[in-house]
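[1] whatever this is, show me its structure:
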Amino acid sequence: MTETTATFKAGDQELKLEPRYDFIVCGSGSSGSALAGRLAENGNASVLVLEAGGGDNVDDIMNPAAWPKLRGGTHEWGYKALANPALHGRTIPMAMGKVLGGGSSINVMVWSRGHKQDWDHFASEADDPSWSYQAILRLYKRIEDWHGAADASRRGTSGPVYLGSSKAPAPLAQAATEAFVSAGLTQYDDANGIMMEKEGGIAPTNTIIRNGKRQSIFRSYLYPIRDQANLTLVTGALMTKVVIDGRKATAVEFLLNGDLHRVEANCEIILSLGAINTPKILMLSGVGNTDHLKAIGIVAKQHLPGVGENFQDHFMAPCVWQAPEALAWSDSLTDATAIWKSDPKLDRPDFQSFVVTAGYASPQAAAQPLPPNCWSLTTAILRTASPGRLRLQAEDPFRPPDIDTHFLASDEDKRRLRMCIEFCRDVGNDPALAPFRQREILPGSSAAEAVDNLMRNGTVSHSHQSCTAKMGRDDMSVVDGQLRVYGIDNLRVADASIMPRITTGNTMAPCVVIGERAAEILQARYSI
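    Here you go, the predicted structure:
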């Protein structure tokens, strides 16, 4: 620690910003909050957390049913993908939290652990058994405060993350569960128990809702220790780059109240900015594809061609029906989760659907605004055959990167999305759902033209951006199994960027695991 301390106002907060901290965690999302919380909890290390957004004590964030209002609002980055010819040239939104808690403060609050095969694949890519399903189960049991069907071998009950499922599922969800079972899925009482080791199924959705309020990962890990002297949490801090001296990351630079600040790290810097902003900052810092960096005037510090490559996301084109009368709904509007395989030969499910007690459609998919009393079945494709990529537009931290999602770029992705839509359409028109079905709005019929129009006009991101700084051992890998950036000392990545391939289901829970795993690695390395 140095002897000088800068004290100043930043919005409503009075900050005492030291020139050095043991650890600098960039980003307070699901991974960053878990990581910083674990590093700071025992008071033995000084931890600085930098968040570009503001506070989360906002009615629409705390109210679980208000999540649709957060899309495109002031608490997310407002990124859009490049115009996509496969989607009629649409530039679809890439929602990503810009607020304490990151995505966990603006998402649908779904806790989905990922399939057994996902984690065993992580372990294989990293050549590290600590990423295997059995090892990750131990972490999940430490993370979870589960209030649902008892499963002592899989679920934890005393961790920081409060989890439950609706104690009174909406009647729509109950009927839809019956319809999915009729279509061949197995019913389970827990979406994160044995169902995530098998062929898939239908089960009540797990959510981070406590006493009727969103319990974000920030609220779970950092909020309880926010007053500890060894933890400094700065909001409104826009990262501009990591300072790299030779082969060592020594400091970070960020803008706050219009001023540029530089803070040094005694131990390490960890990027937890999400799968769009983490590769952006790596490239702005000189880490990435040398040819791309030179083309926009950035001095290359480390050639890692995988930075920004391998972009993966879950995409969907939801089916929508109108009910004859107002629908009863629960806190999150999503009481049931289904996952299943497009082909029984696959090692894990590649389709997912939520039963949503609301209309869920892009403006281009619906010829006119959706009528009241709508409900939806989402049609998520969990594995893409054509990953996308990110590129910088310029050496400018204020410029968003170019995001080429490659959604529906391959015939295989088109085929599987069509299959998922047709399956969900059959489920939605099952006799079990007749009391809730006045008319089908999207796609409106089984005609190939109607389904194709829904795919091109209605495909949207599930906001599960991942894999742009992947963990592995090949030439396109960015971090190793210890999350260290190849070729740069004292710099790690801990967020969805490091996934070798995207996990099965929503990505918040795997991001918490990544944060916890990073904390374990650093605690062992520095004996804290």
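
[2] what segments of the chain are helices?
    Using DSSP state H, the helices found in the chain span residues 30-40, 59-62, 67-70, 116-126, 133-143, 171-182, 217-221, 274-284, 290-295, 411-428, 448-458, 508-526.

[3] tally of neighbours for R415?
    12 (other C-beta atoms under 10 Å). Where you see a C-beta, it was placed from the backbone N, CA and C, and this is true even at glycine.

[4] so how far is V479 from it?
    33 Å (C-beta to C-beta, to the nearest Å).

[5] I270 too?
    According to C-beta to C-beta, I270 stands 11 Å off from V479.

[6] those two - which one has more neighbours?
    Using other C-beta under 10 Å as the criterion, I270 and V479 rank with I270 on top: 30 against 23.

[7] was I right to think that one contacts S497?
    No: using C-beta atoms under 8 Å, I270 is not in contact with S497, being 11.6 Å away.

[8] what about the residue lying closest to A229 once chain neighbours are set aside, neighbour count?
    Residue nearest to A229 in three dimensions, not counting chain neighbours: G43, with 7.7 Å by C-beta to C-beta, 6 or more residues apart in numbering. By other C-beta under 10 Å, the residues close to G43 number 12.

[9] check the one 5 residues further on too.
    For L48, the number of neighbouring residues by other C-beta under 10 Å comes to 25.

[10] beta partners for it?
    I24, T232 (DSSP bridges).

[11] give me the common contacts of I270 and V479.
    492-493 (C-beta atoms under 8 Å, 6 or more residues apart in numbering).

[12] okay, the residue nearest to A229: pLDDT?
    pLDDT, G43: 95.

[13] how about S165?
    Reported pLDDT for S165: 89.

[14] so what's it closest to, chain neighbours aside?
    Using C-beta to C-beta, 6+ apart, the closest residue to S165 is P204 (3.8 Å).

[15] and that neighbour, what does it touch?
    148, 165-166, 169, 173, 189-191, 335-337 are the contacts of P204 under C-beta under 8 Å, 6+ apart.

[16] hmm, back to that, and among the helices of the chain, the most buried is which?
    Compared across those, helix 30-40 shows the largest average neighbour count, a mean of 31 (mean count of other C-beta atoms under 10 Å).

[17] now the stretch 251-400 of the chain, which segments are flagged as low pLDDT?
    Of all residues in the stretch 251-400 of the chain, none has pLDDT under 70.

[18] can you map out the strands along it?
    259-271, 287-288, 302-303, 315-316, 319-322, 334-340, 351-356, 374-377, 380-381, 389-391 (DSSP state E, counting those that start in this stretch).

[19] got those strands as CSV, with distance to E516 columns?
    Compiled in CSV, these are given as follows (distance: least, C-beta to C-beta, whole Å):
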stretch, distance to E516
strand 259-271, 13
strand 287-288, 25
strand 302-303, 27
strand 315-316, 28
strand 319-322, 36
strand 334-340, 23
strand 351-356, 24
strand 374-377, 33
strand 380-381, 25
strand 389-391, 26
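
[20] out of those, which is the most enclosed?
    Mean neighbour count (mean count of other C-beta under 10 Å) peaks for strand 287-288 among the strands of the stretch 251-400 of the chain, with a mean of 29.

[21] just checking: what are the partner strands of it?
    When DSSP bridges is applied, strand 287-288 pairs with strand 302-303 (parallel).

[22] check the offset of the strand it pairs with from the chain's centre.
    Centroid displacement of strand 302-303 relative to its chain, using C-alpha atoms, centre = their mean, to the nearest Å, is 27 Å.

[23] which residue packs closest to D118, ignoring adjacent ones?
    T503 (4.5 Å).

[24] which ones are touching the one you found?
    So T503 contacts 112, 114-115, 118, 466, 510 (C-beta under 8 Å, 6+ apart).

[25] if we use 6 Å, what do you get?
    By C-beta atoms under 6 Å, 6 or more residues apart in numbering, the contact set of T503 is 114, 118, 510.

[26] got phi/psi on it?
    phi -80, psi 170 (degrees, to the nearest 10).

[27] look up how far F315 lies from it.
    Separation of T503 from F315 (C-beta to C-beta): 15 Å.

[28] A366 too?
    18 Å.

[29] can you check I281 too?
    Counting by C-beta to C-beta, the gap from I281 to F315 is 25 Å.

[30] same check on K294?
    Counting by C-beta to C-beta, the gap from K294 to F315 is 33 Å.

[31] just F436 next, same as before
    In terms of C-beta to C-beta, F436 sits 26 Å off from F315.

[32] swap in A367?
    As judged by C-beta to C-beta, A367 and F315 stand 22 Å apart.

[33] and R262, by the same measure?
    Counting by C-beta to C-beta, the gap from R262 to F315 is 39 Å.

[34] sorry, back to before: least confident of the helices of the chain, on average?
    helix 67-70 (a mean of 91).

[35] and that helix, how far out from the chain's middle?
    So, by C-alpha atoms, centre = their mean, the centroid of helix 67-70 is 16 Å from its chain's centroid.

[36] show me the contact partners of it.
    Counting by C-beta under 6 Å, 6+ apart, 60, 106, 108 sit against helix 67-70.

[37] is it true that the second one touches G97?
    So the one you mean is I106. Yes: contact criterion C-beta atoms under 6 Å: I106 and G97 qualify, at 4.6 Å.

[38] residues shared between the contacts of these two?
    With C-beta under 6 Å, 6+ apart as the test, I106 and G97 both reach E76.

[39] nearest spatial neighbour of L231, chain-adjacent residues omitted?
    Nearest non-adjacent residue to L231 (C-beta to C-beta, 6+ apart): A40, at 4.3 Å.

[40] can you check G184 too?
    Nearest non-adjacent residue to G184, counting by C-beta to C-beta, 6+ apart: W340, 7.8 Å away.

[41] what of L256?
    In space, and not counting its chain neighbours, L256 is closest to A237: 5.0 Å by C-beta to C-beta, 6+ apart.

[42] that neighbour and A40, how far apart?
    With C-beta to C-beta as the criterion, A237 and A40 are 17 Å apart.

[43] and G200, what is it in contact with?
    339-340, 349.

[44] dump those into a markdown table; add distance to R226 as well.
    A markdown table is the format used below for those (distance: C-beta to C-beta, whole Å):
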| residue | distance to R226 |
| --- | --- |
| I339 | 36 |
| W340 | 42 |
| P349 | 38 |
